[in-house]
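Asker: Sequence and predicted model, in that order:
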Amino acid sequence: MNRHLIITKDQHDIAWLQVDKADSSANVLTAELLEEFDQSLVQIAQMHPKGLVIISGKASGFIAGADVKAFADVPGVASAEQHIQRVHEILHRLESMAFPTVAAIHGFCLGGGLELALACDYRVGADDDATRLGFPEVKLGIFPGYGGTVRSTRLLGDLAALQLMLGGRTVSARTARRMGLVDLAVPKRQLRAAAAGMVQRNTRPRRAGWIRRLPSLTLLRPLVCKLLVAQVEKRVDRSHYPAPFELIGHWRATAGDAAAMYDSEARNVARLINATAAQNLIRVFLLQDRLKAEGNKADFQPRQVHVIGGGVMGGDIAAWCALRGLRVTLQDRAPEYLSRAVQRAHQLFRHKLKDPYAVQAAIDRLMPDHRGSGIRNADVVIEAIYEDLDAKQALYAQVEPLMKADALLASNTSSIPLAQLGSKLARPGRLVGLHFFNPVAKMPLLEVVHDTHTEAEMVCRAAAFARHIDKLPLKVRSSPGFLVNRVLMPYLLEAVELLDAGTPATAIDRAAVAFGMPMGPIELADTVGLDICLSVAGKMAGALHNPVPEKLRALVDQGHLGRKSGQGFYAWKGGKAVKPTPAGEAPVHDPDISDRLILRLVNESVACLREGVVDDEDLLDAGVIFGTGFAPFRGGPMHYVHSRGSAEVKQRLDELEDRFGQHFHADPGWGAIA
Ligand code: NAI
């Protein structure tokens, strides 16, 4: 009795295998589903059909990949290797069916899903925005292990296949067609007919020509590897993200010899998946799922958004919402304040949407509305005017009476407590904070700010709204800096202290990047804007027991605001910080630098947990990773504490306090952690 698969045969004698995983909105290759798949293949072989089409019964797509949840608790290298070998057997069975086999692909076809499709003779893809094919494995610290390295190199040629696997990027059906990854890209409504057509035609399955297989020659391989390694090294640090380098090594050792390649896949992927980097990256993947799930708690279908304040943030929030398909009205004090925001929005649409019709449709969805006529119809009203309590309250007094009864009222405030903002509202419980990060289009996290007065339904709606615009919602309690700015600020302030004490900016930034941060704190402060840092530092000085550094104030007084003014801690040219080359500067090997930066962030994280800013350690880790880019391969600040040993970290804080001062004083929350 099948749970996940449906087998039928049509009047043309073609067998159809529909993958429709039970109790799930997406198909993932669990062990149970794979075994059922194997039995279904046996059954279909006995039906002697003219051909087989594998298709998905899910709206979300073909197959989203292997079962990542199971990866999180793999019981060891040997059993992971056994599992991979078993999947190799199953896909070999598919590959050696006596009749033509076709994968009919719409939506997500990723990782293990693509590897299954590659074991078919042909692939047809739906030519629409939703269809994405690719190998995201390296992002999880592994490489394709279900035969993907063998079959993709054979189909596309070694270089094209390796680039696809090393980058972890996804491609559309049209690009896949150009690369040869699918045989046909057709409108979705013709997918079934096209797949059946492939069976009928039964031409010889595609293979890469000999020129494309040249790189696998024993003589050429070392050179190709050198080039690939150099490429990857530009993007990632080998000690943090070993997977792409391991993939190159695997290919170098086995290319051209399928049996050796399968064997090496099983051994190496099983080993990688059990290593710390992969386990932490898998953890991050699951944390992301947890944030997404926060958005499923209310049945809220927002269609229209009204944004008030067309400045840096309001303008970009409006543009982002329109990009994601919502109708948006954008209000400011007068029409002239809106033109810059609208221009920026059009730039965003052109950059993100290649199709001119889609660009025009997005432009049409965003309406300048300085009179605020959109308020009455809006499902969500987002206020993003100056950070001024009186101005915000005066605005709410005008807006609240006009709003629909069930609409959500949100503020993008970065520092004013919700209780103060809402104190004059007729219904304070409907006000939430929606704290977007700058730049809105790049930052995945959205802090959903609430306090004891906030209606629970409104918090759920706010989270649902976040998912609607493809952001990751994190519920945070209203308190200074919420979560992300709160933990980031001590890290930035410590960087300025180090600078004051004579450590070169480049040495500070290098230490942070070596730890795994996407950018050093000095460069980050310059990028965010020193005026903004100064303002946030000022508002949080009390809570952080950290006076605002004089150096920061002095730079802002001189008009040195960082990247946007061309000079901050660094000079900036063409959008890039001008840094003295390491050769021109004595290297600083000070083990204290990284600990001073990171442990202040960690200590503040512990304080946030103690105060209940977020509900638990996992949510804290998720927020800090998606809000600051905190080294994903370390699994988040709290996970880092536990991996390093909480007692050791606490002891190191005590030592730093003795040497550098009270701002390292361990938070009382450590008692509950250690
Ligand atoms: P901004 O100064 O760039 O823009 C504010 C806009 O609001 C201006 O265009 C102004 O004309 C308009 N405005 C002021 N009073 C108004 C009123 N009564 N009615 C209609 N429009 C009015 O400010 P920015 O940076 O966009 O900040 C807006 C809010 O977002 C603030 O609460 C700030 O704390 C918050 N925020 C800012 C971030 C940033 O990086 N700039 C990051 C996250 C939050």
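Answerer: Structure received.
Asker: going forward, measure contacts and count neighbours with C-alpha atoms only.
Answerer: Fine.
Asker: do you know how far the closest residue to the ligand within the stretch 101-250 of the chain is from P518?
Answerer: Closest to the ligand within the stretch 101-250 of the chain is R235: 26.8 Å, counting by C-alpha to the nearest ligand atom. R235 sits 11 Å away from P518, going by C-alpha to C-alpha, to the nearest Å.
Asker: ranges for the strands of the stretch 151-300 of the chain?
Answerer: All strands of the stretch 151-300 of the chain, identified by DSSP state E, counting those that start in this stretch, fall at 170-171, 184-186.
Asker: what do you get for the stretch 351-500 of the chain?
Answerer: Using DSSP E, counting those that start in this stretch, strands in the stretch 351-500 of the chain cover 366-368, 380-383, 408-411, 431-435, 445-450, 472-477.
Asker: The ligand is nearest to which of those strands?
Answerer: Of all the strands of the stretch 351-500 of the chain, strand 431-435 sits nearest to the ligand, with 5.9 Å by C-alpha to the nearest ligand atom.
Asker: Run through who's touching the closest one.
Answerer: Strand 431-435 is contacted by residues 382, 408-414, 418, 422, 446-450, 454, 458-459, 462 when judged by C-alpha atoms under 8 Å, 6 or more residues apart in numbering.
Asker: again, but for stretch 156-176
Answerer: For stretch 156-176, using C-alpha under 8 Å, 6+ apart, the contacting residues are 110, 125-129, 131-139, 143-144, 149, 152-153, 179-182, 185, 207-209, 212-213, 215-216, 232, 244, 247-248.
Asker: follow-up on the earlier one: generate JSON lines for the strands of the stretch 351-500 of the chain, with mean neighbour count and distance to F569 as supplementary columns.
Answerer: Formatted as JSON lines, those follow (neighbours: other C-alpha atoms under 10 Å; distance: least, C-alpha to C-alpha, whole Å):
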{"stretch": "strand 366-368", "mean neighbour count": "22", "distance to F569": "37"}
{"stretch": "strand 380-383", "mean neighbour count": "25", "distance to F569": "32"}
{"stretch": "strand 408-411", "mean neighbour count": "24", "distance to F569": "32"}
{"stretch": "strand 431-435", "mean neighbour count": "28", "distance to F569": "27"}
{"stretch": "strand 445-450", "mean neighbour count": "27", "distance to F569": "27"}
{"stretch": "strand 472-477", "mean neighbour count": "27", "distance to F569": "32"}
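Asker: For D509, find the nearest of the ones you listed.
Answerer: strand 445-450 (23.6 Å; C-alpha to C-alpha).
Asker: Wasn't A103 part of a strand?
Answerer: Yes. Counting by DSSP: H, G, I helix; E, B strand; the rest coil, A103 is found in a strand.
Asker: A117 is in contact with that one, correct?
Answerer: Yes. Using C-alpha atoms under 8 Å, A103 is in contact with A117, at 5.4 Å.
Asker: I'd like to know which elements the helix or strand hosting V328 is packed against.
Answerer: Here V328 sits within strand 327-331, counting by DSSP states H and E. Under the contact definition 3 or more C-alpha pairs under 8 Å, 6 or more residues apart in numbering; DSSP states H and E, strand 327-331 sits against strand 304-308, helix 312-323, strand 366-368.
Asker: switch to 10 Å and redo it
Answerer: Applying 3 or more C-alpha pairs under 10 Å, 6 or more residues apart in numbering; DSSP states H and E, one finds that strand 327-331 contacts strand 304-308, helix 312-323, helix 356-365, strand 366-368, strand 380-383.
Asker: Let me have the ones you listed in TSV, extended by mean pLDDT and distance to the ligand.
Answerer: Listed next are these as TSV, based on pLDDT from 0 to 100; distance: least, C-alpha to the nearest ligand atom, whole Å:
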stretch	mean pLDDT	distance to the ligand
strand 304-308	98	5
helix 312-323	97	4
helix 356-365	96	20
strand 366-368	98	12
strand 380-383	98	8
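Asker: Out of these, which gets nearest to G575?
Answerer: Closest to G575 of those is helix 312-323 (C-alpha to C-alpha; 17.8 Å).
Asker: Now do that closest one: distance to the chain's middle.
Answerer: 19 Å (C-alpha atoms, centre = their mean, to the nearest Å).
Asker: thought D237 was touching A514?
Answerer: Yes. Shown here, D237 and A514 form a contact pair, counting by C-alpha atoms under 10 Å, at 8.4 Å.
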